[in-house]
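[1] Next input, structure requested:
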Amino acid sequence: MKAGQEEMKAGQEEIRVAQAGLEQKMEAGQEEMRSGQERMEKGQEEMKGLIDEVKGEVQRKIDEVEAKVQKKDVKIEVKGKIEEVEHKVQGKIGEIERRLSELEDTLFSFSPSPEFMHTRPTIKSLTFGGQTSWTVFKTQFDVVSSTNGWTDFVKASQLVASLRGSAAEVLQGIPADKLSDLTTIEKALESRFGDSHLTQFYRTELKIRREKPGEILQELAAFF
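    Here you go, the predicted structure:
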C-alpha cells in the first residue's frame, strides 16, 4: 500500500516537472515570437523608410527633368523672340537704308550740273500774258527750269508767278489744291493758249479783218 502511494507521488512529480519544462518552452517560444514580430515590424519600418527615400529620389529627378524642360522651353521661346526682334530690326534698317538711298538720289538730282556750278548764267524771269505763242514760251521756260535744276514743284511756282493778264486769269479755273501741280497748270494753259486754240483764234480774226474794207495784209501780219 505504501509502495503504491510512493509510486503515485513519483508520477505526479514527473508530471509537474514535465509541465514546468513545457511551460518554460512555451514561454521561450512566445518570447521568440515576440522578438521575431519586433524584428519584422522593424524591418517593415526600415522598408517603409527605404520606399519613402526612393520615392523622394524619384520625385527629385522628376523635378530636375521638369526644370530642365522648362528652361529649354524658355530658351526656345526667348530665342524665338530674339529672332523675331532681329528680323524686325533688319527690316527697319533696310527701310532706313532705302529712304537714305532715295534721299541721296533726290539730293543728287537737285545738284547743279558741273558746267553750271561756277558759270551758271543769270536768266531774267520770263513772263507770259497770252499774247505770244504758248509753245515758244513753254520751250523757253523748260530750258530755264532745266538750267536751274528746278523740281516740278518749283517749276509750278515759277510758272504761276510768270503769268500775266489773261494768262493769269486761267488760274481762276484751277482748284486751289492743284495750283502747285505742274501738269494741271500746263494743261490749262495749253487748252487756252495752245496751237489748236490759236488756229481758231487766227481764223476768227482773219474773218473780222476781211470784213473791214481797206485793210492790207501787212497790217494784218503786224497785228499778229
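[2] From D152, how far out is E97?
    Taking C-beta to C-beta, to the nearest Å as the measure, E97 falls 26 Å from D152. C-beta: built from backbone N, CA, C; applies to glycine.
[3] likewise K71?
    The value you get for K71 to D152, if C-beta to C-beta is used, is 61 Å.
[4] What strand or helix carries the spatially most central residue of the chain?
    Nearest to the geometric centre of the chain sits K88, at 5.5 Å (C-alpha atoms, centre = their mean). When elements are assigned from DSSP states H and E, K88 belongs to helix 2-110.
[5] Which is the succeeding secondary structure element to the lowest-mean-pLDDT helix or strand in the chain?
    For the chain, the helix or strand with the lowest mean confidence is helix 114-117, at a mean of 42 (criterion: mean pLDDT, DSSP states H and E). The helix or strand immediately downstream of helix 114-117 is helix 134-148, counting by DSSP H and E.
[6] Buried residues in the next helix or strand after that following helix, which are they?
    Downstream of helix 134-148, the first helix or strand assigned by DSSP H and E is helix 152-162. By neighbour count on 16 or more other C-beta atoms under 10 Å, the buried set for helix 152-162 is 155-159, 162.
[7] do you know how far V78 is from F141?
    From V78 across to F141, the span is 63 Å (C-beta to C-beta).
[8] again, but for Q19
    On the measure of C-beta to C-beta, Q19 and F141 end up 149 Å apart.
[9] ok, back up a step: looking at V78 and F141, which one has more neighbours?
    F141 (19 against 10; other C-beta atoms under 10 Å).
[10] show me the contacts for that one.
    Shown in contact with F141 (C-beta atoms under 8 Å, 6 or more residues apart in numbering): 126, 128, 155, 158-159, 162.
[11] one more time with 10 Å, if that's ok
    Applying C-beta atoms under 10 Å, 6 or more residues apart in numbering to F141 gives the contacts 126, 128, 134, 150, 155, 158-159, 162, 186.
[12] Equivalent analysis for E13, please.
    If a contact means C-beta under 10 Å, 6+ apart, then E13 has no contacts.
[13] What distance do you get for K9 to I15?
    11 Å.
[14] Kindly report the same for D195.
    Distance from D195 to I15, counting by C-beta to C-beta: 161 Å.
[15] can you list the domains in the protein?
    Residue ranges for the domains of the chain, per the TED database: 13-71, 72-109, 134-208.
[16] Quick one: mean pLDDT for the last one?
    Okay, so that is domain 134-208. If you average the pLDDT over domain 134-208, you get 86.
[17] The second one too?
    With pLDDT averaged residue by residue, domain 72-109 scores 73.
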